[in-house]
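**Student:** Sequence first, predicted model second:
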Amino acid sequence: MRYPTVALILLSWTVGVEAQNRKQPELFKVPEIRSSWDDLTEGLKTKDDWRKRRAMLKRRYLQLLQDQHKPKKPPLDLRVHEEVIVENVYRRKLISYCVEAGERAHAYLGIPLERDGLAPAIVALHGTYKHGKQRVAGLIDNPDKAYLDHLCRRGYVVIAPEHFVSGHRIPEKGPYETGAFYKKHPKWTAVGKFTYEHSIAIDVLQNLEEVDDDRIGALGHSLGGHGTFFLAAYDDRIKASACNCGASFFRHNPRVEAWSRDHWYVYFKPIRDGLLKGEMPPIDFHEIIALIAPRAFLDLSGLNDGYGPTQRQRLLMLMKIMQVYELEDASKNFGFYVHGRGHSVAHESRQLIYGFMDSHLKPPSATRTRLVSPSSQ
């Protein structure tokens, strides 16, 4: 019997649907991946469950920072110290602003000359380098880390703030020495200090007439990498963030005491006694990063960056964070990239970071693909 073509298509479609609806036998059982990072979502079933846990974790995070000991925020008193036009593409300014009574932070600010309405903006954080903001501006050292220059050319307004123990504020005992800071603020933490200051950098951006307040992101490498997720977890105004080679965490870290060393740069001084007794803080980095959800976050890391077994734990940690994004119905806002290039910001990493920012901070038209028009074939 011969079937008309339409009937054959309908029959084929019907058989296909029936095959899809029929329960297929499981030939191989996939084992569930279990790890010590599972405590992030243990017992959670709904978004409301997560939101309640999130509130608890946010309190623990602020306690880790010792945020209650931050000083009163002063008026910005924004000043411009120098201004140049870079290759007729963007205006770069050296600015300063108040971060606490008697203390000013310096930063480079880049503003594209050609803009179509309000522009998205980025807080670009530097790593452990004496003149970090100059490197981010592309003035010295490694051009791979010249984020301000790269991003201004892509249409972003960019602020590159100095870390509080670098640049214009290098302590008397040398860059990244935190002794004087802890003498002035014995109950605060260095992470609390730089996170608070980077939050003030967002204030600077929001005071600019060129910036769209609802499209502000953050990114950084190394010290600037974990500084990025510390900031995004702290300040909900960051809508998209990317951490590149952002160091290790507390657990599964044979050098965990380095987060509270007794010399040079001391991240979290109050937790030292507990760490030396083998006691972990009440919050770890997977829980801090999860505070960013449902806002966009991208993590990039090298498996051969530092101690290998610890870095491999990062994959398990990130897979668990993905579950939080799934609870928030925001899985498209989370991603990670793992490579073998060590502690670097290689070409492909930069392209991923900048593309991620474009996807989350620019309108859909900026990243939309197009077919070739018939007339050009």
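**Tutor:** Alright, I've got the coordinates. Residues are numbered from 1 along each chain as shown.

**Student:** Give the residue spans of the stretch 1-150 of the chain that score low on pLDDT.
**Tutor:** By pLDDT under 70, the weakly predicted segments of the stretch 1-150 of the chain are 1-23.

**Student:** The chain: helices as residue ranges?
**Tutor:** Ranges of helices in the chain, per DSSP state H, are 5-21, 47-65, 132-136, 147-152, 179-184, 190-206, 223-234, 272-276, 285-290, 308-327, 347-361.

**Student:** contacting residues around the fourth one?
**Tutor:** For helix 147-152, the external contacting residues (CB atoms under 8 Å, 6 or more residues apart in numbering) are 86, 89-90, 92, 108, 110-112, 122, 124, 136-138, 143, 158, 160, 219-220, 350, 354, 357. Just so you know, the C-beta spots here come from the backbone N, C-alpha and C atoms, and that holds for glycine as well.

**Student:** please redo it, this time with the cut-off set to 7 Å
**Tutor:** Counting contacts by CB atoms under 7 Å, 6 or more residues apart in numbering, the residues outside helix 147-152 that touch it are 89-90, 108, 110, 112, 122, 124, 136-138, 158, 160, 219, 350, 354.

**Student:** what about Lys269, how many residues close to it?
**Tutor:** 22 (other CB atoms under 10 Å).

**Student:** surely it meets Thr189?
**Tutor:** Yes. With contacts counted by CB atoms under 7 Å, Lys269 reaches Thr189, the gap being 6.3 Å.

**Student:** hang on, the earlier thing: looking at the helices of the chain, which is closest to Trp37?
**Tutor:** Between Trp37 and the helices of the chain, the shortest separation by CB to CB is 4.2 Å, and it involves helix 308-327.

**Student:** what packs against the closest one?
**Tutor:** If contacts are counted by 3 or more CB pairs under 7 Å, 6 or more residues apart in numbering; DSSP states H and E, helix 308-327 sits against helix 47-65, helix 285-290, strand 296-302, strand 334-339.

**Student:** Average pLDDT for the last one, rounded please.
**Tutor:** Which is strand 334-339. The average pLDDT within strand 334-339 is 98.

**Student:** Just name whatever secondary elements it is in contact with.
**Tutor:** For strand 334-339, the elements it packs on are strand 296-302, helix 308-327, judged by 3+ CB pairs under 7 Å, 6+ apart.

**Student:** Run through who's touching the longest one.
**Tutor:** Contact partners of helix 308-327, identified using CB under 7 Å, 6+ apart, comprise 35, 37-38, 40-41, 44, 47, 50, 248, 252-253, 286, 289-290, 293-294, 299, 301, 303, 305, 331, 333-334, 336, 338.

**Student:** if we go to 8 Å?
**Tutor:** By CB under 8 Å, 6+ apart, helix 308-327 touches 33, 35-38, 40-41, 44, 46-47, 49-50, 248-249, 251-254, 285-286, 289-290, 293-294, 299, 301-305, 331, 333-334, 336, 338.

**Student:** how about it: buried residues?
**Tutor:** 310-311, 313-318, 320-325, 327 (16 or more other CB atoms under 10 Å).

**Student:** can you check the shortest one too?
**Tutor:** Within strand 296-302, the residues that count as buried by 16+ other CB under 10 Å are 296-302.

**Student:** Over to stretch 233-250?
**Tutor:** For stretch 233-250, by 16+ other CB under 10 Å, it's 233-235, 237-250.

**Student:** between the helices and strands packed on helix 308-327, which one is nearest to Glu197?
**Tutor:** helix 47-65 (12.2 Å).

**Student:** Report the distance from the closest one to the chain centre.
**Tutor:** Centroid separation between helix 47-65 and its chain, computed with CA atoms, centre = their mean, to the nearest Å, is 18 Å.

**Student:** Buried residues, that helix. List them.
**Tutor:** Buried positions in helix 47-65, judged by neighbour count with 16+ other CB under 10 Å: 50, 53-54, 57-58, 60-62, 64-65.

**Student:** quick one: which of the helices of the chain is nearest Arg104?
**Tutor:** For the helices of the chain, distance to Arg104 was read as CB to CB. The smallest value, 10.6 Å, belongs to helix 190-206.

**Student:** List the buried residues of that closest one.
**Tutor:** Within helix 190-206, the residues scored as buried using 16+ other CB under 10 Å are 190-202, 204-205.

**Student:** try stretch 349-366
**Tutor:** So for stretch 349-366, counting by 16+ other CB under 10 Å, buried means 349-350, 352-354, 356-362.

**Student:** Looking at that stretch now, give me its mean pLDDT.
**Tutor:** On average, stretch 349-366 scores 98.

**Student:** Show residues contacting it.
**Tutor:** With CB under 8 Å, 6+ apart as the test, stretch 349-366 has contacts from 120, 122, 144, 150-151, 154-156, 215-217, 219, 239-240, 242, 244, 296, 298, 300, 333, 335, 337, 339, 341, 367.
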